[in-house]
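Enquirer: here is a sequence with its predicted model. Questions after.
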Amino acid sequence: LDSQPEPLSEIISFISQISLVSSMDSDSKQKPDDLEKEYISLVEETLSLKPEPELISLIHQIFSLVISMNSKWKKLISLSPQVLASYDTGKLYVNERFRWKSYDKWDCLPVNWDIFRLTGEEATHFYCGGCSGKNHEEHGKALVEIKHYSLHPKHFLQLVWLQPSRTRKCYCCHEDLKGLLCFCSVCDFAINFACLEKPPVLSIDHPKWHEHTLALFPRKTSLTCSLCALTHSKCPFYICPPCDFVVHQRCISLPRVIRISRHLHRISFTPCFGQGDWFCGVCRRKIDNDNGGYSCNKENCSYAAHSKCATQKNVWDGVELEGEPEEIEEEEEVKPFVRISEGIIQHFSHEHHYLRLDENTRRKYDENKLCQACITPIYFGNCYSCMQCDFIIHEICANLSRRIYNPIHPHILTLVGGSDGVMKNEINLVGENENPLTNRNRCLACPWFCTAGFFYECSKEDCRFKLHVQCATISEPLDHESHMHPLFLTSKPGERRTCRVCNGSRLAYSRETFNCIECDFCLCFTCATLPQKVRYKHDKHILTLSYGEKASTITSWCEVCEEKLDLRERFYMCDEYCCVYLHIECLLGEKLYTKPGSSWLYYDREVSFLANNQHMSRPMCLACKKRCLDKIVFQCSGSIFCS
């Protein structure tokens, strides 16, 4: 081999090694996946050689040969959907023929196949996204129109590829529809391809919900489920004709006793509700008295919820409590501080010094004095200040509960205080594209980081849920100056609503919003937690958050940036007649709840947050070459950056 010119000697070596892998005894215990890993590494080495097109063609031929020599791989049936489906306004649509992407050197290799198992543990089908089977003629091909005699005998099902989007559930398994699926456009019927050969259960016995045997109702129709009170037909039904009992296949697994984030007590399933008007504590809509739902058994507690609402993943933790002893859920409260004497406390976040209550409401405003809990200035009200250092905290923040339940998370949350403000390996401090679930420092209700101060975090292991104290302490019903009606947390998991105040510019990953049940108004946590009353260092009066007048034609300028201010949008203005107007970002800063002096590690380099008021002139940003206007700037390796 050494005498052969490059790259021929490398190719011959590659083929020789592939042949050794392929010629292994058929009784070998080594799995096909293990064999694949061996020659994938060889492919990686060989693909670096030139000329590339010829090598790729040769490699595809080699893989075809290798796969044909393996009986299990050879039996796989190739799936070749010809059309795309998309999801819009609750329905699936076949909208265009599938345009196969121009495959590169990896697209047709087995490592990139989607494998399906229809009849057992062994693989039966595969889908190659690079060529839709065109380069795999050695395999049999599945039909693109399929008949499912059990669940959908009327029409053929079309093999389609669903474009990535928010989808509904599979009619058979009730899992999310995604990727390859079988679809009837006439009936809007869809099942995941993996469910194609699952035999339907024709009858079931489930004494927990009904004393008689329940039979599968094969027709797709709108019947009202006796357990969830919904009439949609996107799920199989089981019925008991003599009793007029109807239940969705998915509702058979509903729990009997649960605890949800929206109520302090356990709630139990009830087959019907008593007389009077009942309203769901989750969606705030009326409950049908004749169908099932959940209600509280505590004396003098009339809380109730729809079955579907109570079992949403953002409301219920998935734990069935039937038969479980009811623990003493009202645990002895852990006090946030110890009272030393009248007006003097020892707070858990500042145990080494005592704090004294300051009730002077006429104190001079200092924008640099931030509450160490919520990282906002001390605008009004009482506060505690350290008797030996500059630690200061709002009286309200000092009294925050150490453990709470929050409506947007099913687990109990614990107050964490005294953060040193050090984050690790954060790439984009104010970015909105990264997934906060992989980011332990992100508040899940607003787009800001929990970099310093106090925050609530989930006490469950491996649950990364965090909330700023501002987001954790605001709840429903919310009476907000931006809207005439009370607002409620009625968002469903995955639901996306656009905030009517900021137009969705600062929505967080959780997408939770406060919603009006009388109209379509909704408010995000970012807007809901903005202070309504603030102070400005160059105005002795109180400033109020104004929501603008849509018909306003007046031109005003911001006191800070000296640029035009649109009076049709939100802004802060003086309550007296000083004609002082300020952009929200100019007064509060772009990076809310960020503490000057804190830092984070960016690829092992320390980046510090600095207050932008240390010099007579604003610093120059190294990146954009402009003066930094925000209240907070970044410093890294001696250089200043805006963001």
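Expert: It's in.
Enquirer: give me the below-cutoff pLDDT ranges for the stretch 1-150 of the chain.
Expert: Low-confidence segments of the stretch 1-150 of the chain, defined by pLDDT under 70: 1-74, 89-90, 95-107, 109-112, 119-120, 130, 132-135, 149-150.
Enquirer: actually the stretch 301-450 of the chain, not the one I wrote
Expert: Using pLDDT under 70, the stretch 301-450 of the chain drops low at 327-333, 418-440.
Enquirer: would you map the helices across it?
Expert: 307-310, 395-398 (DSSP state H, counting those that start in this stretch).
Enquirer: so for Gln346, which of the ones you listed sits nearest?
Expert: helix 395-398 (10.8 Å; C-beta to C-beta). Any C-beta I mention is one placed from the backbone N, CA and C, and that applies to glycine too.
Enquirer: who does that closest one touch, helix- and strand-wise?
Expert: strand 383-386 (3 or more C-beta pairs under 8 Å, 6 or more residues apart in numbering; DSSP states H and E).
Enquirer: which parts of the strand it packs on are buried?
Expert: Buried residues in strand 383-386, counted by 16 or more other C-beta atoms under 10 Å: 383-384, 386.
Enquirer: same question, stretch 512-523
Expert: Residues of stretch 512-523 classed as buried by neighbour count (16+ other C-beta under 10 Å): 512-516, 521-523.
Enquirer: in strands, which of those fall?
Expert: 513-516, 522-523 (DSSP state E).
Enquirer: most widely separated two among the residues you listed?
Expert: Top of the distance list for those (C-beta to C-beta): Thr513 and Cys516, 10.1 Å.
Enquirer: contacting residues around stretch 555-572?
Expert: Here stretch 555-572 makes contact (C-beta atoms under 8 Å, 6 or more residues apart in numbering) with 501-502, 534, 536, 538, 543-552, 554, 579-584, 586-587, 629.
Enquirer: hmm, try it at 7 Å
Expert: Residues outside stretch 555-572 that contact it (C-beta atoms under 7 Å, 6 or more residues apart in numbering): 501, 534, 538, 543-550, 552, 554, 580-584, 586-587, 629.
Enquirer: which of the ones in strands among the buried residues of stretch 512-523 sits closest to Pro407?
Expert: Relative to Pro407, the closest of these is Phe514; by C-beta to C-beta it sits at 10.3 Å.
Enquirer: quick one: the closest residue to that closest one other than its chain neighbours from Asn515, how far?
Expert: Setting aside the residues directly before and after it, Phe514 is nearest to Leu487 in space (C-beta to C-beta, 6 or more residues apart in numbering), at 3.7 Å. Relative to Asn515, Leu487 is positioned 6 Å away (C-beta to C-beta, to the nearest Å).
Enquirer: can you check Thr124 too?
Expert: With distances taken as C-beta to C-beta, Thr124 is found 46 Å from Asn515.
Enquirer: okay, strands next: where are they in the stretch 251-400 of the chain?
Expert: 257-258, 267-270, 293-296, 304-305, 337-341, 344-347, 355-358, 383-386, 392-394 (DSSP state E, counting those that start in this stretch).
Enquirer: my bad, should have said the stretch 51-200 of the chain
Expert: According to DSSP E, counting those that start in this stretch, the strands that the stretch 51-200 of the chain contains are 77-78, 83-88, 91-97, 113-116, 125-128, 140-141, 145-148, 152-162, 179-184, 189-192.
Enquirer: give the contact list for Asn584.
Expert: Asn isn't right for residue 584; it's Ile. By C-beta under 7 Å, 6+ apart, the residues touching Ile584 are 530, 570-572.
Enquirer: now with 8 Å, please.
Expert: By C-beta under 8 Å, 6+ apart, the neighbours of Ile584 are 530, 545, 570-572.
Enquirer: for PyMOL, write the select line for the buried members of the contacts of stretch 555-572.
Expert: Here is the PyMOL selection string for the buried members of these, based on 16+ other C-beta under 10 Å:
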select buried, resi 501+534+543+545+580+581+582+583+584+586+587+629
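Enquirer: which of the contacts of stretch 555-572 fall in strands?
Expert: Per DSSP E, the subset of those in strands is 534, 543-546, 581-582.
Enquirer: just name the most buried of the strands of the stretch 51-200 of the chain.
Expert: Among the strands of the stretch 51-200 of the chain, ranked by average contacts under mean count of other C-beta atoms under 10 Å, first place goes to strand 189-192 (a mean of 23).
Enquirer: just checking, which helix or strand succeeds that one along the chain?
Expert: strand 203-204 (DSSP states H and E).
Enquirer: show me what the residue nearest to Phe514 bridges to in the sheet.
Expert: Beta-bridge pairing of Leu487 under DSSP bridges involves Leu478, Cys516.
Enquirer: got the contact list for it?
Expert: Leu487 makes contacts with 476-480, 514-516, 521-523, 528, as judged by C-beta under 8 Å, 6+ apart.
Enquirer: report the two of those separated the most.
Expert: Distances among those were taken as C-beta to C-beta; the most separated pair is Asp479 and Cys522, at 15.0 Å.
Enquirer: from Trp316, how far out is the nearest residue to Val282 once chain neighbours are set aside?
Expert: Closest residue to Val282 apart from its sequence neighbours, by C-beta to C-beta, 6+ apart: Cys309 at 3.7 Å. Between Cys309 and Trp316 the distance is 9 Å, computed by C-beta to C-beta.
Enquirer: about what we covered before: identify the farthest-apart pair in the ones in strands among the contacts of stretch 555-572.
Expert: Spatially, the most separated pair among the ones in strands among the contacts of stretch 555-572 is Val534 and Tyr581, at 13.0 Å (C-beta to C-beta).
Enquirer: quick one on the thing from earlier: make TSV from the strands of the stretch 251-400 of the chain and add distance to Ser185 to it.
Expert: Converted to TSV, the strands of the stretch 251-400 of the chain look like this (distance: least, C-beta to C-beta, whole Å):
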stretch	distance to Ser185
strand 257-258	38
strand 267-270	37
strand 293-296	35
strand 304-305	36
strand 337-341	64
strand 344-347	64
strand 355-358	68
strand 383-386	64
strand 392-394	59
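Enquirer: figure out which of the ones you listed is closest to Glu324.
Expert: Glu324 sits nearest to strand 257-258 of all those, at 7.6 Å, using C-beta to C-beta.
Enquirer: avg pLDDT for the closest one?
Expert: Here strand 257-258 scores 92 as its mean pLDDT.
Enquirer: same check, this time on stretch 601-612
Expert: Computed over stretch 601-612, the average pLDDT equals 73.
Enquirer: on that earlier part again, shared neighbours of Leu487 and Asn515, anything?
Expert: Applying C-beta under 8 Å, 6+ apart, one finds that Leu487 and Asn515 are jointly contacted by 521-523.
Enquirer: next up, the contacts around the residue nearest to Ser385 when sequence neighbours are not counted.
Expert: Spatial nearest neighbour of Ser385, excluding adjacent residues (C-beta to C-beta, 6+ apart): Ile392 at 4.7 Å. Contacts here follow C-beta under 8 Å, 6+ apart; on that basis Ile392 touches 369-372, 378, 383-386.
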